[in-house]
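Participant: how would this look folded up:
(2 chains)
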There are 2 protein chains.
Amino acid sequence: MRLPTYGDVARAAERVHGAAHRTPVLTSRTADAASGAQLFFKCENFQRMGAFKFRGAYNAIAALDEAQRRAGVLAFSSGNHAQAIALSARLQGVHAVIVMPEDAPAAKLAATRGYGGEVITYNRFQEDREVISARIAHERGMVLIPPYDHPEVIAGQGTAALELFEDVGALDALYVCVGGGGLISGCALATAELSPGCAVYGVEPEAGNDAQQSLRSGAIVTISVPRTIADGAQTTHLGQYTFPIIREHVRDILTVSDAQLVEAMKFFAQRMKIVVEPTGCLGAAAVFAAGRELEGKRVGVVLSGGNVDLAGYAALIAN
Amino acid sequence: MRLPTYGDVARAAERVHGAAHRTPVLTSRTADAASGAQLFFKCENFQRMGAFKFRGAYNAIAALDEAQRRAGVLAFSSGNHAQAIALSARLQGVHAVIVMPEDAPAAKLAATRGYGGEVITYNRFQEDREVISARIAHERGMVLIPPYDHPEVIAGQGTAALELFEDVGALDALYVCVGGGGLISGCALATAELSPGCAVYGVEPEAGNDAQQSLRSGAIVTISVPRTIADGAQTTHLGQYTFPIIREHVRDILTVSDAQLVEAMKFFAQRMKIVVEPTGCLGAAAVFAAGRELEGKRVGVVLSGGNVDLAGYAALIAN
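Facilitator: Got it, this is the predicted structure:
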């Protein structure tokens, strides 16, 4: 097992160039005035598919050799990763199988098929998706691309931070949401090379602080599925690749409450006119909670995605 | 009375440079696929104050002579124009008086004061804001800056289209919302010079089609205050400056329903991850309603603003 390095992130940047959007970096006078810091929001809510996941999926497929490309790729996910794999595969002429629960929302099944993925459904009360996926991978010789614990997925996600540093220069601190740790691992690799003095902070939902526990205890801690509106961070544990990278390169893991996430979502809608999903607000909520602690600093914040169910989003921002 | 020309728009662009944001132009593969056109959305929802109004207000104040600057400026408005004047005046060291109804939302009164404006309130059931404003202007020697019917306001608003053409080149059609006609007049002047083959379309709410009636009858038609969610287009008539410019440079005025505005708002939130106020959706709603009529064309759409009351916004996009 070889951990990815900054070199992998740099190669990923070449691969995703022209396929992924180079997302904008937005600023807010209001947020700067409140914090006394200079904040740079890297807007992955404007990424293709509406989330950073496209970067890692595209890079992982682009890194395959010819035989692997011919066999195709496989992913199991009911979220953004599945759609990212389906779209990335189609763009690169690779067949993709996505294993999804048969009771997944019809819109998600349709979207994944719309992106060109072959959807195989299973009964999530009677069957284990990992067993099914392993069988299909074996039968068809397909490469399984997991959502975060994979060197090329991690390297691809790191291109978000690489672009941020290219656009705004070195920073004092960078705040990144943590689910399984793919995004923050890649971003931490980019930071160590491109802005070595910058402290990287991970941010988790209060209800699911497994990464915080893991970092503090020195071993991967597994929790039960946390109850939080940050559905992208409802992971139960870090991975074999992401944990050592986080341990080496991340200064600390912070947590925020769902109420703080809602306040951040409202701020983005009201003041910055952008839609950010709850998980995407983790980093910003931690910065907003820091008050004047970041005064005088140049601070990056990755807004990881903007995929919301409109009715649910409306309910959250209404009050 | 001298109508503004493209030269005034070009001068306005120099004046607002560095003060107004050069707002981004966003695109959407989904919208392009649905229409068959190539759509360019000029995002004035990302403008300072959250709306294009900042451009015209800033330019009108920047165009004052020294004596006028010392005397200060006056505006009556309960909307974006008042805040745009208050902020633009402060940025240029000019005193601003804003005449607002005493029962205006506390948040709006506070915001206007927060931008540095001196707020004078009146009882809108017993007093006439135009009489009050005229008296203050006379007593203090202040210059009244109206929200749309003013050459430098029109010229300032035109810088939105000027930037769009600079960024994306010539277009086949440009869709702009119409209230009092300040934005479309300025944009039409920029279009005639920078993309002369481009057809400019104004878009009004169905319930308040005074500009459409005016263009078709050849004289300014005044209607009663229309009932529509597009509060920025609840004007009752075009102006002495805006009507002749529209008559000369605008191909046609179209209308859309409130339901079409809501669909457009939802599209922007769901697919493009941006918050656009109902008035800001007028141009886009007309484009979406055109189906495949614009196939093969390069089409600009001005999204005029993103200032929403979150609870009201949530209620509109929830269903």
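Participant: Contacts only, for residue A:314.
Facilitator: Residues in contact with residue A:314 (Cβ atoms under 8 Å, 6 or more residues apart in numbering or on different chains) are B:313-315, B:317-318. No exception for glycine: its C-beta is placed from N, CA and C like everyone else's.
Participant: residues near the closest residue to residue A:160 other than its chain neighbours, how many?
Facilitator: Leaving aside its chain neighbours, residue A:160 sits nearest to residue A:52 (5.4 Å; criterion: Cβ to Cβ, 6 or more residues apart in numbering or on different chains). By the criterion of other Cβ atoms under 10 Å in any protein chain shown, residue A:52 has 34 neighbours.
Participant: Could you pull up the residues touching residue A:52?
Facilitator: A:44, A:157, A:160, A:183, A:302, A:304-305.
Participant: Chain A against chain B: which residues are in contact?
Facilitator: With Cβ under 8 Å from any Cβ of the partner chain as the criterion, chain A meets chain B at residues A:24, A:26, A:45-46, A:50, A:266, A:269-270, A:273-276, A:306, A:308, A:310-311, A:313-315, A:317-319.
Participant: Can you report how many residues neighbour residue A:304?
Facilitator: 34.
Participant: May I have the residues that are in contact with it?
Facilitator: Residue A:304 touches A:44-45, A:51-52, A:176-177, A:183, A:232, A:277, A:279-280, A:282-283, counting by Cβ under 8 Å, 6+ apart.
Participant: ok, now residue A:310?
Facilitator: B:266, B:269-270, B:317-318.
Participant: can you map out the helices along chain A?
Facilitator: Under the criterion DSSP state H, chain A contains helices at A:6-16, A:29-35, A:53-62, A:66-71, A:80-91, A:106-114, A:129-140, A:151-168, A:182-194, A:210-217, A:242-249, A:258-267, A:282-289, A:310-317.
Participant: Who are the packing partners of the first one?
Facilitator: When you say that, I think you mean helix A:6-16. helix A:53-62, helix A:151-168, helix A:182-194 (3 or more Cβ pairs under 8 Å, 6 or more residues apart in numbering or on different chains; DSSP states H and E).
Participant: quick one, the second one and helix A:80-91 angle?
Facilitator: The one in question is helix A:151-168. 90 degrees (axes from the mean of the first three to the mean of the last three Cα atoms, to 10 degrees).
Participant: what does the last one give?
Facilitator: Computed by the same axes, to 10 degrees, the angle separating helix A:182-194 from helix A:80-91 equals 70 degrees.
Participant: how much does helix A:182-194 deviate in direction from helix A:210-217?
Facilitator: 50 degrees.
Participant: and if you look at the first one?
Facilitator: Orientation check (the same axes, to 10 degrees): helix A:53-62 against helix A:210-217 gives 70 degrees.
Participant: With just CA atoms, put helix A:53-62 into CSV.
Facilitator: Output of helix A:53-62 as CSV, limited to C-alpha atoms (Å, rounded to 0.1, in the frame of the first residue of the first chain):
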residue,chain,number,x,y,z
LYS,A,53,-16.6,14.2,-6.1
PHE,A,54,-16.3,14.6,-9.8
ARG,A,55,-12.6,15.4,-9.4
GLY,A,56,-11.6,12.1,-7.7
ALA,A,57,-13.9,10.0,-9.8
TYR,A,58,-12.6,11.4,-13.1
ASN,A,59,-9.0,11.1,-12.0
ALA,A,60,-9.4,7.5,-10.8
ILE,A,61,-10.8,6.5,-14.2
ALA,A,62,-8.2,8.5,-16.1
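Participant: tell me the mean pLDDT over it?
Facilitator: Helix A:53-62 shows a mean pLDDT of 98 in the predicted model.
Participant: Quick check: buried residues in that helix?
Facilitator: A:53-62 (16 or more other Cβ atoms under 10 Å in any protein chain shown).
Participant: Which residue is the nearest non-sequential neighbour of residue A:223?
Facilitator: residue A:210 (4.5 Å).
Participant: okay but residue A:295 is in contact with residue A:35, surely?
Facilitator: Yes. At 7.1 Å, residue A:295 and residue A:35 qualify as touching, with contact defined as Cβ atoms under 8 Å.
Participant: Cross-check the contact I'm expecting between residue A:177 and residue A:187.
Facilitator: No. Counting by Cβ under 8 Å, residue A:177 stays clear of residue A:187, with 10.1 Å between them.
Participant: Need the overlap of contacts for these two.
Facilitator: With Cβ under 8 Å, 6+ apart, residue A:177 and residue A:187 have common neighbours residue A:302.
Participant: pLDDT at the residue in the stretch 151-300 of chain A that chain B sits nearest to, what is it?
Facilitator: Closest residue of the stretch 151-300 of chain A to chain B, Cβ to the nearest Cβ: residue A:273 (3.6 Å). Residue A:273 carries a pLDDT value of 98.
Participant: again with the one 5 residues further on
Facilitator: Looking at residue A:278, its pLDDT is 97.
Participant: Could you check how far it is from residue A:229?
Facilitator: 4 Å (Cβ to Cβ, to the nearest Å).
Participant: So between these two, which is more surrounded?
Facilitator: Between residue A:278 and residue A:229, residue A:278 has the larger neighbour count (other Cβ under 10 Å), namely 25 against 20.
Participant: Go ahead and confirm that one touches residue A:261.
Facilitator: Yes. Here residue A:278 reaches residue A:261: they are 4.8 Å apart, a contact under Cβ under 8 Å.
Participant: Common neighbours of these two, please.
Facilitator: A:229-230.
Participant: neighbour count winner among residue A:295 and residue A:35?
Facilitator: Each of residue A:295 and residue A:35 has its neighbours counted (other Cβ under 10 Å); residue A:35 has more, 21 against 10.
Participant: Quick one: neighbours of residue A:195, just the number.
Facilitator: 22.
Participant: give the contact list for the residue lying closest to it once chain neighbours are set aside.
Facilitator: Nearest residue to residue A:195, sequence neighbours excluded (Cβ to Cβ, 6+ apart): residue A:170, at 4.1 Å. Contact partners of residue A:170, counting by Cβ under 8 Å, 6+ apart, are A:194-195, A:197-198, A:298.
Participant: what about chain A, any weak spots by pLDDT?
Facilitator: Along chain A, the model assigns pLDDT under 70 to residues A:78.
Participant: excluding its backbone neighbours, what's nearest the most centrally placed residue in it?
Facilitator: The centroid of chain A falls nearest to residue A:183 when counting by Cα atoms, centre = their mean (4.6 Å). With sequence-adjacent residues excluded and distances taken as Cβ to Cβ, 6+ apart, residue A:183 is closest to residue A:157, at 4.5 Å.
Participant: Check the burial of the one you found by counting its neighbours.
Facilitator: 33.
Participant: hang on, it packs against residue A:185?
Facilitator: Yes. Between residue A:157 and residue A:185 a contact is recorded at 7.4 Å, counting by Cβ under 8 Å.
Participant: What's the local residue count around the residue of the stretch 51-200 of chain A at minimum distance from chain B?
Facilitator: Residue nearest to chain B within the stretch 51-200 of chain A (Cβ to the nearest Cβ): residue A:51, separated by 10.0 Å. Using other Cβ under 10 Å, residue A:51 has 26 neighbouring residues.
Participant: ok, and the closest non-adjacent residue to it?
Facilitator: residue A:305 (3.2 Å).
Participant: Next: residue A:184.
Facilitator: residue A:176 is the one closest to residue A:184 (Cβ to Cβ, 6+ apart), at 4.3 Å.
Participant: circling back: nearest to residue A:66, out of the contacts of residue A:170: which one, please.
Facilitator: residue A:194 (32.2 Å; Cβ to Cβ).
Participant: contacting residues for that closest one?
Facilitator: Contacts of residue A:194 (Cβ under 8 Å, 6+ apart): A:161-162, A:165-166, A:170.
Participant: could you redo the last one with a cut-off of 6 Å?
Facilitator: residue A:165 (Cβ atoms under 6 Å, 6 or more residues apart in numbering or on different chains).
Participant: who's in contact with the most far-flung residue of chain A relative to its centre?
Facilitator: For chain A, the largest distance from the centre (Cα atoms, centre = their mean) belongs to residue A:139, which lies 29.9 Å off. By Cβ under 6 Å, 6+ apart, the contact set of residue A:139 is empty.
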